[in-house]
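*Asks:* fold the following, please.
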Amino acid sequence: MQQPSCQVRVGVRVRPLTSGEISSGGKAVVEASPIDHTVAVAKRAFTYDAVFDSGVAQSDLYDAVSPSLLGSFLDGYNATIMAYGQTSSGKTYTMGSEAHTSGDIMNAAGTSTSSNTGLIPRFMADMFASLEEQKRIAAAKATAAAVS
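*Replies:* Numbering: from 1, shown residues only. Model (predicted):
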């Protein structure tokens, strides 16, 4: 088991305007550049480890942030994804803690029935799938050892 580097990475996800904001004439004031890892507000730009614009899919966001965390977590290290922001900034949607209220259910294969599934249910499904795979491999090794 190799100890992962201990570092905090900060990413920003910019949510799209809501239909109410659009209908009342609201305009986006935040520009996100995933390529440059910057978020610009007015004339000021801020750089982060990762930037996700308003068009990023939940699955793409998960694929970008979870693999190293899941591996470290399964190796026994702490792993945290934290959502922080103003009211209505998209924290609950991103994390997926309301997945159960919208009929968003993970199937037996560990994949979602909805593209809106957030980070938490995706992480949990992958965690249990990884544990099942480790269990299957251990059982196969035990069977092979018993046969020889």
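
*Asks:* C-alpha from now on. contacts and neighbour counts both.
*Replies:* Will do.

*Asks:* pull the number of nearby residues for Ala42.
*Replies:* 9 (other CA atoms under 10 Å).

*Asks:* now it. Its backbone dihedrals?
*Replies:* Note on Ala42: its backbone torsions stand at phi 60, psi -120 [degrees, to the nearest 10].

*Asks:* now do the contacts for the residue nearest the centre of the chain.
*Replies:* Geometric centre of the chain, nearest residue: Tyr62, 3.2 Å, by CA atoms, centre = their mean. With contact set as CA atoms under 8 Å, 6 or more residues apart in numbering, Tyr62 has these partners: Gly118, Leu119, Arg122.

*Asks:* considering those residues, which possesses the most neighbours?
*Replies:* Compared across the contacts of Tyr62, Gly118 has the highest neighbour count, 25 neighbours, by other CA under 10 Å.

*Asks:* what's the distance between that one and Thr92?
*Replies:* Plainly put, Gly118 is 8 Å away from Thr92 if you go by CA to CA, to the nearest Å.

*Asks:* Ser72: how many residues sit nearby?
*Replies:* Count around Ser72 with other CA under 10 Å applied: 18.

*Asks:* how about the secondary structure of it?
*Replies:* Assigned by DSSP: H, G, I helix; E, B strand; the rest coil, the conformation of Ser72 is helix.

*Asks:* hmm, back to that, how far away is the residue nearest to the centre of the chain from Met127?
*Replies:* 13 Å.

*Asks:* so which of the contacts of Tyr62 belong to helices?
*Replies:* Among the contacts of Tyr62, the ones falling in helices (DSSP state H) are Leu119, Arg122.

*Asks:* part of a helix, is Gln86?
*Replies:* No: going by three-state DSSP, the assignment for Gln86 is coil, not a helix.
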